[in-house]
Every structure is written in C-alpha cells, then in structure tokens.
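Peer 1: I would like to see how this sequence folds:
(chains A and B)
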Amino acid sequence: MSKILIVGEHDGRQLNPAVAKCVTCAAGIAGGEISVALFGADTAGVAAQAAAIAGVKSVLRVDRPENTHPLAAVLAPQVAALAADHSHIFGPSTSFGKDLMPRVAALLGAPQVSDLMAVEAPHRFRRPIYAGNAIITVEADPAHKVVATVRVASFESAPAGGSAAVESRTLQVALPAHTRYVGAKTAASERPDLQTAARVISGGRALGSADNFKMLFALADKMGAAVGASRAAVDAGYAANEMQVGQTGKIIAPDMYVAIGISGAIQHLTGIKDAKTIVAINKDPEAPIFEVADVGLVGDLFQVVPEIDRLIG
Amino acid sequence: MQKIMVCVKRVVDYNVRVRVKPDGSGVMLDGVKMSVNPFDEIALEEALRIKERTGNVEVVAASIGVPDTQQQLRTALAMGADRAVLVETTAPIEPLTAAQAFLALVRKENPDIVFLGKQAIDDDANQTGQMLAALWDRPQATYASKVEIAGGKAAVTREVDAGLETIEIDLPAVITVDLRLNEPRYVKLPDIMKAKKKPLDVIALDSLGVAAEQRLKVVKTDPPAQRQKGIMVKDVAELVDVLKKKGLIR
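Peer 2: You can find the predicted model right below:
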C-alpha cells in the first residue's frame, strides 16, 4: 500500500492553501494513506487546519525552536527521518517546496518528480518540461521512494470535513547550525494572495511605469483581485519580483486572469494556462496573448482600464 | 576565498521553439542550436564578479554531458572562467546523478562556493543544486538575488513567493541563482580566441565511481493541451457585458 507524506507549508498561523491541493494530488494514488507533516516552533494551530482537510489520515507535528523558519538544510533531515515508513513524499511546487524537496530526495537517494501535474498510477506521473512546451509521462523505479513537488495549479483544493488524528513526533535528528535565518521583506497587502486568488489582474511592460501600475491596483481592489505582472514589467522595475507570473515566477490557476499590456511570451503563458477564463487587453492585434485568450479586446490600456473602472460597480 | 566552481548545463537555446516528435518519443533536437543554460550564465557572471572584486580567486566551470558539451565550457572560458572540467557521458543524466558527479568534483577541487542556475530550461527540474548541497552536507541558498560574502560567510537574499528572504550561510556552500542577480556579460571575439588556450579537462563519468542510474524513465512525450481560441470584443462595454454574463464581475 502506498503511504504518502505531504510536507505542509505554513507561516506559523495559516496553513498554505497549497496543502489542500497536494492532498487532492495524493488522493489520486489509489488506496493510498495520506499524512501531513508540519514543522515549526508551535504547530498546534496549523495542525488543526490540516486535520480538517478531507482525505488526511494523520497529521504529524514536529515542533522545535530550530523549525521556526523553514530552512531547507534544517528541515530536510527531519523530513527524511519521517519518510522512513512512507513510499511517497510530496511537497508543494512553491518556493518552500522547490527549495526543500530535492534536498530530501538526495538524502533518501530517491529521484524527484518536479511539478507533478497528474498521477496516472502509483509510480507513473505527468510533468511539464521546456516551460510547458512538452509534457512527459515518467515511470519511477519502485525500488526507490518517490519524492515530488506538486504543481498546485493542476489540482483543485481538497474539501474541508476531515478529522485526522494529530500526533506529536520527536525525531532524534542532529540539525546543522551552518544555515541561519536573517529576515524577510514581504509586501504587506490587504489584497488576495496572488497564488490562490480567484481573480488576477496582471500588467506588462506597456504600463510604462511603477506609477501607472497604481491604476491596476485600484481596479483590482474594486474587483477583489490580486495583482500580477509579466517578467518584462518586473525586470523594468514597474512591479515587485513576487508579482511575477510565468514559468520562472508564479504558476497560477485563477477563475479569471486579466492580462493588460502583456504580449504573451511563452514563459508567461506557461504560468496562466490553467486559468479558467483569460481576458486579454492589448493594442497589438497580433499579440500572442490573443491566441490563448477567451475574451480579447484590442485597445489602448490607458483608455480601456479607466473605462472598465467606470463601468463596473 | 580561493576557488569557485560553477556548474553549467548544455541546453537547447532559449530562443528555440521546442516541438514534440509526432511519435511521442521525445522532442526534436536534430540541428537545434545549443547554448549554456541562461541561469548558469548568471551563476558564472556572479563568480566572475567576485573574482574581479576580491582577486586571487580561481573560477572553475564544470559540466556533465555529451562530448559536444565542450562547446558550452569554451563559452564559459570565454566569459572568464580560468579552466573547465567536463564529466563526459552519453547516458541520460538525472539531477541526482549530476549532483553525485559534481560532488566527486567538489571533493577533488574543494571550492569555497559552488554556483549553479536555479534550474535548467530544458527539464525545468530545479533540483541539482539542492541535491549537491545535501550530498555534500553543506548549506544551500537557492534563488539568490543578492550575494554578499565576508569572513567565511555569505549573506544571501533569496526570491521567495512572499517577497525576499535573507539567510546567512557558512562557507563552503551551494548557491543557486535567480534571474535578477546580475546581467551576464557578452563574450568578445578576443576572449573566444583566448579561451581556446585555457585548460579543459575531460573525465569519464564512471571514473568518478558514479553510475548513470535511471530512477525515472520517460515513457512518453506529448504536446501540451491547447486552449480553445476565444472571442474578440469590439469595445469596453461589450467586454464588461461578456464578463458579467460569465459571472466573473458584478
């Protein structure tokens, strides 16, 4: 029987929504038993959230002061120790999971399936390569454990309604002191989180300045949307790096994605192709973004955006 | 700081639009332009800037792959690496195998820092740096957008989902680099001529005691699902109308 361990991302207070998506992915392994592991200084609160996800059998808490900040070098040996009685070890394909999981895989001598987008069998999976220009089906050698990062945009969230057992684990693992957390600079925002928002408005280089991006923020606030940006806009300094949507930024799957002044480079399209509805506004009728858009409007964004703002409630 | 190793991968050039073979056996690579993985160029540039700032640092470019990977190592030498090592094999190389091979080189070379790109643009695996750090039992700082080195330590600012995070790591360590760390230099013709005279060692993978184990077998390659082409609207009023009917806005 497959036993799947999901490494649960959280910020100490909130479980990351990616965990519920990893549970859906793991539930695709027929007859599997799903556990969620949580590492932190005090994971009582997030453990309760994880236990409420339908499909989770058990929640394993590993509380130690060294786990206050998620450092891959500190967490990896602990995940590897917990992995001993599991066949599959999954993490989200977020910066947290992408940093941590390969380190776990190497400690286990196991291969990693990056950006797992579909489970076809317990050891057979699909994943994208070449920025999503090709999808490969891979078969993992059952002689090894399977480590994977789950492409969260490919899975719906598992529903609430679970009541998993929560247990605390003490691991006899020596932790390295060679890696230390210094600090973080995050943009405090009242807006929805870009990675999980139902609606996203993104701007491209055509915005022309950081100041002009304010126009998008105002519209986003009216629509309850998160704000993203193309790589070109981030490189030009119009938008913060954490706003980047695309292969090397965030891969998202909102209900509605509005691309404003974004031409639609392949690496950007890779990040949005799971959006349910793509709306494109661009003054160039030949822009590649119109090839993937569900609704397209050719027009000057500096006229279109204020007009949308006027027309919606 | 005496030595920096930079791992570079030979990949399909980023300007090439990759196509899947009709029989699903892979992607078309015949006659396609090959280059240094762009993230690895950023990694090499960072090593070269540290060398230029502090002096007396040897920069070693390393790769694993087919014999033609020498071309990409010559590019690395032309950019400014002092010498290069190719671990030669024609077998398909998984990230864990690459990490094992680079670990063997690290044991010989004893670098203070190993720089790599955060991922290669062919398999998009994003694994090798982290795996090398694990096998080496040393720190890793992934997705670096700023690297400051002082007194046997590095303060690395990392691009994470929530913004920027800074960690401090003891050297030696592995650092993988993100897009905005620097802008790699262009190679000039005299540098290409000079690079031809720089040392490039070729060693066989099995001479390092590493086997190209296949833990993940690719059984099929498909083109991605295409989105249906949508509708064009003539003005903002129609756009808002369509979105209201879809229930996407109020």
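Peer 1: Direction included, what does the helix or strand residue A:166 falls within pair against?
Peer 2: Following DSSP states H and E, the helix or strand that holds residue A:166 is strand A:165-168. Next to strand A:165-168 in the sheet, as set by DSSP bridges, lie strand A:58-63 (parallel).
Peer 1: And the contacts of the strand it pairs with?
Peer 2: Contacts with strand A:58-63, where a contact means Cβ atoms under 8 Å, 6 or more residues apart in numbering or on different chains, come from A:5, A:8, A:35-44, A:47, A:50-51, A:78, A:82, A:164-171. The way it works is simple: take the backbone N, C-alpha and C, and place the C-beta from them, glycine included.
Peer 1: Okay, buried residues for that strand please.
Peer 2: Judged by neighbour count using 16 or more other Cβ atoms under 10 Å in any protein chain shown, the buried positions of strand A:58-63 are A:58, A:59, A:60, A:61, A:62, A:63.
Peer 1: same deal with stretch B:16-27?
Peer 2: Buried residues in stretch B:16-27, defined by neighbour count with 16+ other Cβ under 10 Å: B:16, B:18, B:20, B:27.
Peer 1: Could you do stretch B:55-73 as well?
Peer 2: Residues of stretch B:55-73 classed as buried under the neighbour-count rule (16+ other Cβ under 10 Å) are B:57-65, B:69-70, B:72-73.
Peer 1: next one: stretch A:39-50
Peer 2: Within stretch A:39-50, the residues that count as buried by 16+ other Cβ under 10 Å are A:39, A:40, A:43, A:46, A:47, A:49, A:50.
Peer 1: And the lengthiest strand in chain B, what does it pack against?
Peer 2: Of all the segments of type strand in chain B, defined by DSSP state E, the longest one is strand B:140-150. Using 3 or more Cβ pairs under 8 Å, 6 or more residues apart in numbering or on different chains; DSSP states H and E, the elements in contact with strand B:140-150 are helix A:72-82, helix A:95-108, helix B:38-54, helix B:128-136, strand B:153-160, strand B:163-170, strand B:173-177.
Peer 1: Tell me which two of the buried residues of stretch B:16-27 sit farthest apart.
Peer 2: B:16 and B:20 (13.3 Å; Cβ to Cβ).
Peer 1: Now render the helices and strands packed on strand B:140-150 as TSV, adding distance to residue A:156.
Peer 2: Putting those into TSV (distance: least, Cβ to Cβ, whole Å) gives the following:
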stretch	distance to residue A:156
helix A:72-82	25
helix A:95-108	18
helix B:38-54	32
helix B:128-136	28
strand B:153-160	25
strand B:163-170	27
strand B:173-177	31
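Peer 1: correct me, but residue B:86 touches residue B:61?
Peer 2: No - counting by Cβ atoms under 8 Å, residue B:61 is not a contact partner of residue B:86; they are 9.2 Å apart.
Peer 1: Mutual contacts of those two, please.
Peer 2: By Cβ under 8 Å, 6+ apart, the residues touching both residue B:86 and residue B:61 are residue B:73.
Peer 1: So, low pLDDT: which residues of chain A?
Peer 2: Within chain A, the segments meeting pLDDT under 70 span A:188.
Peer 1: For it, which segments count as helices?
Peer 2: Secondary structure of chain A by DSSP state H: the helices cover A:18-27, A:44-51, A:72-82, A:95-108, A:210-223, A:231-235, A:266-270, A:289-292, A:301-311.
Peer 1: swap in chain B?
Peer 2: Using DSSP H, the helices of chain B run over B:38-54, B:70-79, B:95-109, B:128-136, B:189-195, B:236-245.
Peer 1: Deepest in the core, which of the ones you listed is it.
Peer 2: For those, ranked by mean neighbour count under the definition mean count of other Cβ atoms under 10 Å in any protein chain shown, the leader is helix B:128-136 at a mean of 27.
Peer 1: Now do that helix: which elements does it pack against?
Peer 2: Secondary-structure packing of helix B:128-136 (3+ Cβ pairs under 8 Å, 6+ apart): helix A:72-82, helix A:95-108, strand B:3-7, helix B:95-109, strand B:113-117, strand B:140-150, strand B:173-177.
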